[in-house]
Each structure stands twice: as structure tokens, then as C-alpha cells.
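**Q** Got a sequence here, can you build the structure:
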Amino acid sequence: EHRAETKTARAGRNSSPDPPEVAVALPRRRGHPRGSGVLITCVTVHRQRARRKRASAAGADFFVLVQTELGDVFKITVDTAEGASPAAARRVTGLTASLLDTLPVAAGLAVTRLGLLFVAAESGDHGLYMFDRIVLTGAPTCTSAEVWAARREHGAKAYKKRGGEAALAEIRRTFYTPERCASIACEFVPTRLQSLLLVDSVENLSVATGVLVGELAGGAESTQVY
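**A** Below is the predicted model:
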């Protein structure tokens, strides 16, 4: 499982010695406690076949779907640019996070070659969904530019207060918090499906009905999840 302590998704670093982080806050449910983060429990990456042979420097030929423990699914679009040399890897220049839909909490997500989304639910029937739209115009959206602007403001205050390496360490330690993400992210209210259509469902024969964390076998060095 992929997990995050706050409502922030981060992307890779470029090839420079000390590249800047590229991060984006995920839109937050209205009423969710500002001091509480949300776990990211499922991630899947889908490469768009139509763009494989014509990917340009303006953007990547794939997108990422992430689901939180609340069931909200977000589409993460990755903007990339060519490296400093033809042999250098492409570097991430920006991220956009848009609300796709709210689905049953899943143990796994998969996008098929036909463009269908399969949701292997934890505590309900599995679902096969068709994308009604993939360009999420009007959906609750956050961008990495918003995070960068907030970090720049936060950094200016830290440098004015401490300066030098101490300020840099304080920025890294105090910026990515649930409260900070809540101040950056837009809010939304969960609704019925807006971007997906349920095509078929499969009965779940192994429903998760409970979780036990403990040391039951005896002699184990750490607790286990059953």
C-alpha cells in the first residue's frame, strides 16, 4: 500500500544536484478536520496509448489515480520537460490534482487497455467503471504552483527569522503539515458519480469485515495486522 501522512502528493526530483520539490495538495472534503491528514491507500498509473508516440515536452504521456482512505479518487496530471541534454531524463515541472469521483474504498485500482477502471473493493462488490470524461473541467482542482507560492511565502518568513541552513531545515520540517495543506487546498462536497459510469459489478467473496493488530503467534518481534 502507498500511504501519505498528509493530503499532499509529491513527485520525483530532476537531475540537478539539489532540485526543488514539486508537490501538490489534494482537494479536501468540506468539514474535514484541518489538523487531520488523510492516508493515500491506492495508487495506479495509466499510460495513454494515443500519446505514446507523440508525447511532447508540454506534458507526460500518463496520469496517476490515487484513492484516499475516505474513497475519494483523484487524477494526478504530471507536467514534464526535456532534460538538460538529449540523454538526460525528463524532469517533473508541475502537478495538477483533480477530483475524479468518490468510490468504495479499494484494495486495488487498475485501468485496463480498453480504458475501463476496475475497483477491487475492500468491503463491498467490485466494480468496473467506464470513464465518462477524463478531462476534468470544472472539478475541484489544486496545482503545484499554489504549493510553491505558499512555500515561497513560508520560506521568506523563515529566512527573515533564522537565515541560512537553519531556515532551510525549518522549512523542510514545518511546511508539509495537515494544517498547511488545508490552507492551500480547495474544498469539495462528495456527490454521485460525475466522471465515471458503473458498467458491471462482481460479488466480493472475501469481504474485509474487521482488522486486528496484535502479536498472536508468540515470540514475534513486532505486532502483525490480521
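
**Q** From now on I want contacts and neighbour counts done on CA atoms only, so please keep to that.
**A** Noted.

**Q** Next, count neighbours for residue 189.
**A** When neighbours are counted by other Cα atoms under 10 Å, residue 189 registers 9.

**Q** tell me the contacts of it?
**A** 29-30 (Cα atoms under 8 Å, 6 or more residues apart in numbering).

**Q** Residue 96 now?
**A** Residues in contact with residue 96 (Cα under 8 Å, 6+ apart) are 24, 75-78, 141-144.

**Q** After the lengthiest strand in the chain, which helix or strand is next?
**A** Secondary structure assigned by DSSP state E gives strand 91-102 as the longest strand of the chain. Toward the C-terminus, strand 91-102 is succeeded by strand 106-111 as the next helix or strand (DSSP states H and E).

**Q** who does the helix or strand following that following strand touch, helix- and strand-wise?
**A** The C-terminal neighbour of strand 106-111 among helices and strands, as given by DSSP H and E, is strand 116-121. In this structure, strand 116-121 packs against strand 106-111, strand 126-131, with contacts taken as 3 or more Cα pairs under 8 Å, 6 or more residues apart in numbering; DSSP states H and E.

**Q** Indicate which one of those is closest to residue 199.
**A** Each of the helices and strands packed on strand 116-121 was scored for nearness to residue 199 using Cα to Cα, and the closest is strand 126-131 (5.3 Å).

**Q** Now do the closest one and strand 91-102, the angle between them.
**A** Using axes from the mean of the first three to the mean of the last three Cα atoms, to 10 degrees, the inter-axis angle of strand 126-131 relative to strand 91-102 is 110 degrees.

**Q** and strand 126-131, which strands flank it?
**A** In the sheet, strand 126-131 lines up against strand 116-121 (antiparallel), strand 196-202 (antiparallel) (DSSP bridges).

**Q** what packs against the helix or strand that the last one is followed by?
**A** Think strand 196-202. Proceeding N to C from strand 196-202, the next assigned helix or strand is strand 213-214, under DSSP H and E. Other helices and strands packing on strand 213-214, by 3+ Cα pairs under 8 Å, 6+ apart, are strand 224-225.

**Q** Provide the strand pairings for the strand it packs on, with the direction of each partner.
**A** Taking DSSP bridges as the criterion, strand 224-225 pairs within the sheet with strand 213-214 (antiparallel).

**Q** can you list contacts of the strand it pairs with?
**A** Residues from elsewhere that reach strand 213-214, judged by Cα under 8 Å, 6+ apart: 223-226.
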